[in-house]
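Chemist: Build the 3D model from these lines:
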Amino acid sequence: MKILVLGAGGIGGYFGAQLLRSGADLTFLLRARRKALVDAQGLRIETPGGDFTVRPATVTAASVTPVYDLIVLAPKAYDLDDALASLEGALGAAVLLPLLNGFDHLDLLDRRCGRARVMGGVAQISTTLTAGGAVRELADFHRLTLGARDAAHAAQAHAFAALCAAAPFDCALVDDIEQAMWDKWTFLAALAAMTTLCRGPVGEIVATPHGAELALRMYAECCAVAGANGHPIGAEARARAAQVLTQAGSPIAASMLRDLESGRRTEHDHILGALAVRGRAAGLAMDLVHLAHTHLAVQAAHHPRA
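Modeler: Got it, this is the predicted structure:
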């Protein structure tokens, strides 16, 4: 299986590098500046378990050819249109595996490429890029969940899962990948909403008189949207999320908080805004989600292109 990974950021860079170390036939599609850096010094991955550098094959949008079986996309949601434009020369008959937050990207990719060519995936990892261009893993937790959304690409899903099984990260191939995506979206939306509104991690929020109650109410609003869209969050997933959202002393915060505090662009429209749209269409009351999204929209106006 020939794999193309779009970008070498926190998600694509980490999982792509680990797959390379395990023998995968994998190439990175990079912008010219990132390509020059990776070609010159390799792609460095810093993890709690040790650091390593790989020297991958790289191409640009101008040089890529349609020779790949699978294309992995992990851009920020607001960069998806640009990402797809850079893939025009690579698409051919390849199956796409998007690892983005939210759900609207699947609708877009289905319209452009057809559902038969669009798998589903969830990446769970906390990373950042260092000033020198390395991918730094912030916690020793790294998991991919993937699955076929159409029988036409079931074989590719199984083949890629087999490659991942040989790599040093957790991977699960599931029958209902869209449910797994809703499970993550509702949790991430609640975590991002609470930690950006309060400008602090979970532990600081729940140490206040009303923090835990508000976190659970926020999560309940998010879960209601999933249920109204045919993907109710199961009891086990809800219990796991509630435990994380209310854990005393927890340092966990959404990466959106780091983006907000650094003046970088955030995915608030794609994670909270899109959820609010679906909730409003279902006639749901979403006061807390609306408050969090409004707060982030106002902050974004202060840093329009950061």
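
Chemist: and V72, what are its phi and psi?
Modeler: Listed backbone geometry of V72 is phi -100, psi 120, with angles given as degrees, to the nearest 10.

Chemist: Check D175 too.
Modeler: Dihedral angles (degrees, to the nearest 10) for D175: phi -80, psi -40.

Chemist: pLDDT score assigned to the closest residue to it other than its chain neighbours?
Modeler: Leaving out its chain neighbours, the residue that sits closest to D175 by C-beta to C-beta, 6 or more residues apart in numbering is G147, at 6.5 Å. All C-beta atoms are positioned from the backbone trio N, CA, C, and that covers glycine. Turning to G147, the model gives it a pLDDT of 97.

Chemist: any idea how far G147 lies from C171?
Modeler: Going from G147 to C171 by C-beta to C-beta, to the nearest Å gives 11 Å.

Chemist: the more surrounded of these two?
Modeler: More crowded of G147 and C171, by other C-beta atoms under 10 Å: G147, with 23 against 18.

Chemist: got the contact list for that one?
Modeler: G147 is in contact with M119, G120, G121, A157, L173, V174, D175, D176, I177, A180, counting by C-beta atoms under 8 Å, 6 or more residues apart in numbering.

Chemist: Now with 10 Å, please.
Modeler: Shown in contact with G147 (C-beta atoms under 10 Å, 6 or more residues apart in numbering): 119-122, 153-154, 157-158, 161, 172-181.

Chemist: Please check these and keep the buried ones.
Modeler: Burial by neighbour count, judged by 16 or more other C-beta atoms under 10 Å, picks out 119-122, 153, 157, 161, 173-174, 177-181 from the contacts of G147.

Chemist: My reading is that I45 lies in a strand. Confirm?
Modeler: Yes. Per DSSP: H, G, I helix; E, B strand; the rest coil, I45 lies within a strand segment.

Chemist: Which positions within stretch 225-242 qualify as buried?
Modeler: For stretch 225-242, a neighbour-count test (16+ other C-beta under 10 Å) marks V225, A226, N229, H231, I233, A237, R238, A241, A242 as buried.

Chemist: ok, back up a step: got phi/psi on the residue nearest to D175?
Modeler: Phi and psi for G147, reported as degrees, to the nearest 10, are phi -170, psi 160.

Chemist: Report the beta-bridge partners for it.
Modeler: Note on G147: beta-bridge partners by DSSP bridges are G120.

Chemist: wouldn't T266 be in contact with T195 here?
Modeler: No. Checked against C-beta atoms under 10 Å, the pair T266 and T195 is beyond contact range at 11.8 Å.

Chemist: what is in contact with the two at once?
Modeler: With C-beta under 10 Å, 6+ apart as the test, T266 and T195 both reach A254, S255, M256, L257, R258, L260.

Chemist: In helices, which of those appear?
Modeler: Residues of the shared contacts of T266 and T195 located in helices (DSSP state H): S255, M256, L257, R258, L260.

Chemist: In TSV: the residues you listed, plus pLDDT, neighbour count and distance to L291.
Modeler: Converted to TSV, those look like this (pLDDT from 0 to 100; neighbours: other C-beta atoms under 10 Å; distance: C-beta to C-beta, whole Å):
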residue	pLDDT	neighbour count	distance to L291
S255	91	21	20
M256	94	24	15
L257	94	20	16
R258	91	16	21
L260	93	22	15
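
Chemist: Switch those residues over to CSV; also include distance to F187.
Modeler: Putting these into CSV (distance: C-beta to C-beta, whole Å) gives the following:
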residue, distance to F187
S255, 13
M256, 13
L257, 15
R258, 18
L260, 19
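
Chemist: that's a strand at I71, yeah?
Modeler: Yes. Counting by three-state DSSP, I71 falls inside a strand.

Chemist: Burial check on it, number of neighbours?
Modeler: I71, neighbours per other C-beta under 10 Å, totals 25.

Chemist: In contact with D150: list those residues for me.
Modeler: With contacts defined as C-beta under 10 Å, 6+ apart, D150 is in contact with V95, D110, G114, R115, A116, R117, V118, M119, G120, A157.
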